[in-house]
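K.L.:
what's the 3D shape of this:
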Amino acid sequence: MQQYINPRFVYHGENAIEALKTLKGSKAMVCIGGGSIRRNGHLDRILGNLKEAGFETQLIEGIESDPSVTTVMEGAKKMEEFGPDWIIGVGGGSPIDAAKAMWIKYEYPDITFEQMTVPFGLPTLRRKAHFCAIPTTSGTGTEVTAFSIITDYEKGIKYPIADFNLTPDVAIVDPALVATLPKKLVAFTGMDALTHSVESYVSTAHSAYTDAMGLHAMRLIQENLVASYSGDLEARGAMHDAQCLAGMAFSSGLLGIVHSMAHKTGAAFSGGHIIHGCANAMYLPKVIKFNAGRKETAERFAQIADELHLGGLTTADKVENLIGFCRRLNHLMNIPMSINQYGQGGLKVEAGKGIVPEDEFFKKLPDIAANAILDACTGANPRPISQQEMEKLLTCCYYDTEVLF
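P.N.:
Here you go, the predicted model:
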């Protein structure tokens, strides 16, 4: 038996933010990241709508990219003091993911972070509060998913928290909130959404329901991502819908080792973080090639190529054309092709001049590979992978070399 879970309400399109006026409650804790949400006036609009609905509000602000365990625990304490009956996560994946994790700790103050990371092992939520997510980037899909990614900086590891309890009650997908996104964020989050769609389509947990969402998301991404990157506002709106559909696909259809590798390399190196969406963009072509080593999965990739009209007579041709499509998107949006080309903030640099030196990469490679295999996303990958294969695959991602196994 499988299940397919979405938020009870998904409000989308122009002025979807007005749906906040329909929430019922008395206290709302609003969790945000940096100052852009204030500068562009969206925070005032959110707080005004909540006030009109009769809410007293309080802010948790300054949630960092790749939120930490410490941020989660401190935020949960603030929630305990305030006592909200609604938690509103606003921003990219980081503030919403942090708010989800705070929500768990608020509901169960004695739970440990280690207990929170047991896949699909959370106790029942909503004893104290319901959850509303409002994305301001177009990639993570976290407003409709059962996942939260939190970083343990002491270990240098990103941990996915996975449980259907975490799926928000309300998602608000308003295109006005992404109209001024920087081009780099459009690129990285867009490739994150593409990766969600592709991985969920070939995962061991895919179904007719997740396939439908994933394939349509891929078509929208193909038609709109580069135009969105170039500043087309209609395409921005389409990408905001596409990433939400991709989120619906992977929340129930799950993911694979692109995400396992991205989680475990993201905070592993001393020179700086590898931004999640950029990591996915770099790793996706290599993982498609690896997973296509399983005949049934190669045929699923060929179906994607057919849906996107990428051409090819044989299954092998179609797989290569899908890989080429992913690489073309990276090229058109100036995304690095490999870890050794990854510069500060995701900028593409000359190979070997990036933030991850060769000696540090190989020193940490065995541990990174072992942690990636243990990641919650690996279990749904369509092709099993060994320690040796994971090390080899990561090495291909470091140098942008051909995957030949």
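
K.L.:
Next up, identify which helix or strand the spatially most central residue of the chain is on.
P.N.:
Centroid-nearest residue in the chain, with Cα atoms, centre = their mean: residue 140, separated by 3.3 Å. Using DSSP states H and E, no element contains residue 140; it sits outside every helix and strand.

K.L.:
chain center to the helix or strand bottoming out on mean pLDDT in the chain: distance?
P.N.:
Every helix and strand in the chain was compared by mean pLDDT, DSSP states H and E; the lowest is helix 36-39, with a mean of 87. Chain-centre distance of helix 36-39: 22 Å, with Cα atoms, centre = their mean, to the nearest Å.

K.L.:
and if you look at stretch 294-310?
P.N.:
Distance, centroid of stretch 294-310 to centroid of chain: 23 Å (Cα atoms, centre = their mean).

K.L.:
Surely residue 337 is in a helix?
P.N.:
No - using DSSP: H, G, I helix; E, B strand; the rest coil, the assignment for residue 337 is coil, not a helix.

K.L.:
nearest residue to it other than its sequence neighbours?
P.N.:
Computed as Cβ to Cβ, 6 or more residues apart in numbering, the closest residue to residue 337 that is not its neighbour in sequence is residue 400, at 4.6 Å. Using the backbone N, CA and C atoms, a C-beta is placed for each residue, glycine as well.

K.L.:
To what extent is the one you found buried, counted in neighbours?
P.N.:
By the measure other Cβ atoms under 10 Å, the count of residues near residue 400 is 17.

K.L.:
re earlier: show me the contacts for the residue nearest to the centre of the chain.
P.N.:
By Cβ atoms under 8 Å, 6 or more residues apart in numbering, residue 140 lies in contact with 92, 93, 96, 97, 189, 192, 243, 247.

K.L.:
What residues of the least confident helix or strand of the chain count as buried?
P.N.:
Burial within helix 36-39, assessed by neighbour count using 16 or more other Cβ atoms under 10 Å, is assigned to 36, 37.

K.L.:
Can you tell me what sits against the helix or strand following it?
P.N.:
Tracing the chain past helix 36-39, the next element assigned as helix or strand by DSSP H and E is helix 42-52. With Cβ under 8 Å, 6+ apart as the test, helix 42-52 has contacts from 17-18, 20-21, 23, 28, 30, 32, 37-38, 57, 88, 90, 134, 136, 176-177.

K.L.:
what packs against whichever helix or strand residue 151 is part of?
P.N.:
Following DSSP H and E, one finds residue 151 within strand 147-152. Here strand 147-152 touches helix 69-82, helix 93-107, strand 157-162, going by 3 or more Cβ pairs under 8 Å, 6 or more residues apart in numbering; DSSP states H and E.

K.L.:
Next, the residues that contact it from outside, please.
P.N.:
66-69, 72, 93, 97-98, 100-101, 113, 142, 157-162, 166, 251, 263, 266-267, 276.

K.L.:
quick one: which of the helices and strands packed on strand 147-152 is nearest residue 330?
P.N.:
helix 93-107 (19.9 Å; Cβ to Cβ).

K.L.:
just how off-centre is that closest one within its chain?
P.N.:
Centre to centre, stretch against its chain (Cα atoms, centre = their mean), the figure for helix 93-107 is 15 Å.

K.L.:
and that helix with strand 147-152, angle?
P.N.:
Counting by axes from the mean of the first three to the mean of the last three Cα atoms, to 10 degrees, helix 93-107 lies at 90 degrees to strand 147-152.

K.L.:
Please name every helix or strand in contact with helix 93-107.
P.N.:
Going by 3+ Cβ pairs under 8 Å, 6+ apart, helix 93-107 lies up against strand 27-31, helix 69-82, strand 86-91, helix 113-116, strand 130-135, strand 147-152, strand 157-162.
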